[in-house]
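Q: Pasted the sequence and its predicted model underneath.
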Amino acid sequence: SGTSLMRPFFDGRNLPKNPVPEYVAWVDVMGTQARMSRSLEQTANFVFKLHVAAIDAINAATDGGLSVYPVMDGLYASSTAQRIMLNFLRGMFKSLAEEFCATRQELYRFIVRGGLAFGPTVHGRSIPETASRQLASKDWYRNSILLGMPMVQAHLCESKAPPFGIFVHESARALAPVNETPLHELWWRWAEHEDSLWTQVGTALDKHLEWCEKRALPLEYSEDRIKAHRGMAKQYFMPLMDHDAVDQADHTAPQRES
């Protein structure tokens, strides 16, 4: 007879009470599944460059206050502070955008995008022994786990983000930490001011997606999605002054009576 295994035990009633709301972001590489079926080496370059950019952004743009959970071709990041989260995303996206622009061969370019939500989360590191002694004794495993509704929201809304953009879920547009203002944009823009990189990314993206459109079948990238992504990218990478004018008009426009 084989060795009997312990029944897995966990008591959710002992999870931390009243978890603190946090920003949760999900960021991943677009089209990884199709690429991995063609070339493991090429896909590894894309995936690990994403994680290297994340590590650099953690080191450069935050002062502790950020948790990151790598998941194969993407990552979750969480923070209770809006500034820390946005600094992290800005640093990572700028780094990956520079890599995209510096890569001359279209085949070796890769695109990332993300979703951002806000709400209560539970980190594995905060799970007490009363919930599970097995998990409590294996912190290397427990600490790699994150739970919470904003994870689902960030993951699902990521598909609404433009290439190299961040979609902001309604939870992060309606709610914010104490003494902070909710984000009011559907698409959060990581550029702080008009610069050459912002313009270069928009131009390079349009060229890349045009290249993809001519090779849609072998790339396993549907023409409909390519056209949709081209349209989103053109609007997202408009000059920032044009975006500001739209935002200002949205805030000042008179409200119609229903």
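A: That came through, no problem. Numbers count the residues shown, from 1 in each chain.
Q: Roughly how far does A77 sit from F46?
A: 18 Å (Cβ to Cβ, to the nearest Å). Where C-beta positions appear, they are placed from N, C-alpha and C, glycine not excepted.
Q: Tell me which of those two has more neighbours.
A: A direct count of neighbours by other Cβ atoms under 10 Å for A77 and F46 places A77 higher, at 28 against 22.
Q: State whether the more buried one is indeed within a helix.
A: No: under DSSP: H, G, I helix; E, B strand; the rest coil, A77 falls outside any helix and is assigned strand.
Q: how about it, what does it touch?
A: Contacts for A77 (Cβ atoms under 8 Å, 6 or more residues apart in numbering) come out as V24, A25, V27, A54, L66, S67, V68, Y69, M85, F88, L89.
Q: Is the residue lying closest to H169 once chain neighbours are set aside bridged to anything, and to what?
A: With sequence-adjacent residues excluded and distances taken as Cβ to Cβ, 6 or more residues apart in numbering, H169 is closest to A117, at 4.0 Å. For A117, the beta-bridge partners are V24 (DSSP bridges).
Q: And A117, what's its pLDDT?
A: A117 is assigned a predicted lDDT (pLDDT) of 98.
Q: How many residues are close by it?
A: With other Cβ under 10 Å as criterion, A117 counts 30.
Q: Quickly note the distance from it to P150.
A: From A117 across to P150, the span is 4 Å (Cβ to Cβ).
Q: Quick check: neighbours shared by these two?
A: Counting by Cβ under 8 Å, 6+ apart, the contacts common to A117 and P150 are Y23, V24, H169, S171.
Q: quick one, what contacts the second one?
A: Just to be clear, that refers to V24. Listed by Cβ under 8 Å, 6+ apart, the contact partners of V24 are 76-78, 116-119, 121, 146, 148, 150-151, 153-154.
Q: same deal with the third one?
A: If a contact means Cβ under 8 Å, 6+ apart, then H169 has G115, L116, A117, F118, P150, Q153, A154, C157 as its contacts.
Q: Try it again at 7 Å.
A: G115, L116, A117, Q153, A154, C157 (Cβ atoms under 7 Å, 6 or more residues apart in numbering).
Q: Repeat that for the last one.
A: Listed by Cβ under 7 Å, 6+ apart, the contact partners of S171 are A117, F118, G119, P150, Q153.
Q: Isn't the third one up against P150?
A: Yes: at 4.0 Å, G119 counts as touching P150 under the criterion of Cβ atoms under 7 Å.
Q: the more surrounded of the two?
A: Applying other Cβ under 10 Å to G119 and P150 shows that P150 carries more neighbours, namely 26 against 20.
Q: quick one: that one and A136, what's the gap?
A: For P150, the distance to A136 - Cβ to Cβ - is 25 Å.
Q: now the contacts of S171 in TSV, with distance to F9?
A: Below are the contacts of S171 laid out as TSV (distance: Cβ to Cβ, whole Å):
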residue	distance to F9
A117	31
F118	32
G119	28
P150	27
Q153	30
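Q: Sketch out the helices for the protein, chain order is fine.
A: Using DSSP state H, the helices of the chain run over residues 32-36, 40-61, 82-102, 133-136, 139-142, 149-157, 170-174, 196-213, 216-219, 223-236, 240-252.
Q: rank those helices by pLDDT, which is bottom?
A: Taking the mean pLDDT of the helices of the chain, helix 240-252 comes last: a mean of 58.
Q: OK, contacts around the closest residue to E213 other than its chain neighbours?
A: Among residues not flanking E213 along the chain, I226 sits closest, at 4.8 Å (Cβ to Cβ, 6+ apart). Contacts of I226 were listed using Cβ under 7 Å, 6+ apart, and they are L209, C212, E213, A216.
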